[in-house]
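> Sequence first, predicted model second:
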Amino acid sequence: MQLASGTSLIQPFSVEIDLAEGAMANPQTLTRRRASDMRGHYADGEALERLIAAGDPVHYEVFECLPPEEYGHIFFCISRLLPGKVGSEYFMTKGHYHTVAHTGELYLCLRGTGFMLMKTADGQFAAQPFHRGAMVYCPPYWAHRSVNTGTEPLVSFCSYNAEAGHNYGDIEKEGFIKRVLEFDGKPVIR
Ligand code: PAN
Ligand code: ZN
C-alpha cells in the first residue's frame, strides 16, 4: 500500500456516545466554556457580568475525538450547549470560521431546539433550525454559531476535516450580523 505524503495510517477505532445525555465516553479532549469565557459576545454585557458573579455557569461542553490533524482524516465531536439567557439573548457558542476556510462541517442535532447561525466574510447571513434529526450542512467559508432557544441542552454531533482549525478572531471582530432574542416568550432573529 502506498501512503499519501502527510496522511498517517492509524488503527480503526470507535467511541461510545450517550445519545440521550449528549456526551461522549472517553473523549480525547473536553472543552468547557463558562459565562466568563463569553465576554464580548452578548449584546448585554452587564447581564453577562451578573451571571458570572452569580456562579459563572457552564455555557457549553465540546467532547472531541481527534485523529491526526492531517488531510484525509476526519475530526468529530459532540457539542452540548446548555439552556439559558443573557438578558434576553439565548445562550450560544462563540462561533468561528475554520482556519482553512475552504472546509465545511456537518452538524446532526440529537437533542433540543435552536438555530445554527452562519455568515460569510462578505456579509451573507443564514440561519437553519435545530431540532432532533435536523442535519445542518455548513459549507466552506461560512462562520457558524449554535444558539439554544429551548429548555433542555442542545446537543449536536459535528464532523469536519481534520486540518480545518478554528479561527475565532475574525468573527469576534465582525460579529454575526443577527442575534437570537426572546420576545413575548418566543425566539426572534434580528
Ligand atoms: C464545533 C464547535 C463547537 C463549539 O465543534 O467547535 O460547537 O463552538 P465554538 O468552537 O465556536 O466555541 C465546530 O464547529 N468545530 O469546527
Ligand atoms: Zn466548525
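Cool, got the structure. Residues are numbered from 1 along each chain as shown. Ligands and ions are numbered 1, 2, ... in the order given.

> Based on its surroundings, how many neighbours for Tyr97?
Neighbour count for Tyr97, taken as other C-beta atoms under 10 Å: 24. The way it works is simple: take the backbone N, C-alpha and C, and place the C-beta from them, glycine included.

> any idea how far it lies from ligand 1?
Counting by C-beta to the nearest ligand atom, to the nearest Å, the gap from Tyr97 to ligand 1 is 10 Å.

> Dig out what that residue forms beta bridges with.
Beta bridges link Tyr97 to Asn167, judged by DSSP bridges.

> Correct me if wrong: Gly146 contacts Gln128.
Careful, residue 146 is Ser; it's not Gly. No - counting by C-beta atoms under 8 Å, Ser146 sits too far from Gln128 to count as a contact (10.3 Å).

> Check the contact lists of these two and give me the overlap.
Common contacts of Ser146 and Gln128 (C-beta atoms under 8 Å, 6 or more residues apart in numbering): Phe115, Met116.

> Comparing the two, which residue is more hemmed in?
Between Ser146 and Gln128, counted using other C-beta under 10 Å, Ser146 has the larger neighbour count: 25 against 17.

> who's in contact with that one?
Here Ser146 is in contact with 60, 79, 81, 92-93, 107, 114-117, 130, 154, 156 (C-beta under 8 Å, 6+ apart).

> what about the chain, any weak spots by pLDDT?
For the chain, no stretch has pLDDT under 70.

> can you list the residues of the chain near ligand 1?
Counting by C-beta under 6 Å from any ligand atom, the chain comes close to ligand 1 at 62, 77, 79, 93-96, 105, 144, 146, 158, 160, 166.
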